[in-house]
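Novice: Sequence first, predicted model second:
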Amino acid sequence: MKSLPRSFYARPVLTVARETIGKILVHDTPEGRVAGRIVEAEAYRGPEDRAAHSYGGRRTARTEAMFGPPGHAYVFFVYGMHWHVNLVTTAVDAPHAVLIRAVEPLEGVELMAARRGLTVGARDLTNGPGKLCQAFAIGKASYGLDLCKGPLFLSPGAEPRVARSPRIGIDYAGDWAARPWRFFERASPWVSRAPSPRGRR
DNA sequence: TGAATGATTTACT
DNA sequence: GTAAATCATTCAA
């Protein structure tokens, strides 16, 4: 398993989000390795994107990683119980990131199931940003990790058929909420929300 | 110091 | 379909 080079991340955030679909997310932990194919991701482009935490150039202890060099992990906590993981992209001082929303479990499935309190084979193991972080044991300790070094990294994968839709859970962002900045694998049963009947083609 | 609020999940009605 | 869980971060005072 080889990690993607930093040049993969040092590009426009929409490009990285699009190409993140189909890549393999790997996390080596003391309990063992877990890996999954990324089937859903969203782009956040601060400071102009109202849905992004870095909107308006807000640079705080929490958002600091997004302002750093590309190829690092931006990890944050919401709703009092859920962690989310992002890939920092583009360049230093460009607070852009790609939120990983869902993966297809490939390796370490038993470990994921144990962490989630579910049985192997469950389809809701990693089909959501909070769920996959729990399954992958991504949390506070993962903040700011260099994705080019591990233990958390992305690995090449086959190019899937990618579809787009508006982002999820950011209705407060006004016009920005309508932008189709969510990317997902069209045929995958592992996405957090199936394509809407109307949006399907 | 205090109050408001989530890039969600889960359980219920 | 709706609502509760639950707390770090943020902003106002």
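Specialist: Noted; the coordinates are in hand.
Novice: can you tell me which residues contact A:L14?
Specialist: A:43, A:45, A:181 (CB atoms under 8 Å, 6 or more residues apart in numbering). C-beta: built from backbone N, CA, C; applies to glycine.
Novice: Of these, which is the nearest to DNA strand C?
Specialist: The nearest member of the contacts of A:L14 to DNA strand C, counting by CB to the nearest atom of the strand, is A:R45 at 17.3 Å.
Novice: pretty sure the closest one is in contact with A:M66, am I right?
Specialist: No: using CB atoms under 8 Å, A:R45 is not in contact with A:M66, being 10.4 Å away.
Novice: quick one: which of the contacts of A:L14 is most hemmed in?
Specialist: When these are compared by neighbour count (other CB atoms under 10 Å), A:A43 ends up highest, at 27 neighbours.
Novice: Three-state assignment for that residue, please.
Specialist: When classified by DSSP: H, G, I helix; E, B strand; the rest coil, A:A43 comes out as strand.
Novice: Can you read off the pLDDT for it?
Specialist: pLDDT, A:A43: 98.
Novice: With the flanking residues excluded, which residue is spatially nearest to it?
Specialist: Leaving aside its chain neighbours, A:A43 sits nearest to A:A17 (4.0 Å; criterion: CB to CB, 6 or more residues apart in numbering).
Novice: Dump the contacts of A:L14 to CSV, plus distance to DNA strand B.
Specialist: Converted to CSV, the contacts of A:L14 look like this (distance: CB to the nearest atom of the strand, whole Å):
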residue, distance to DNA strand B
A:A43, 9
A:R45, 9
A:W181, 10
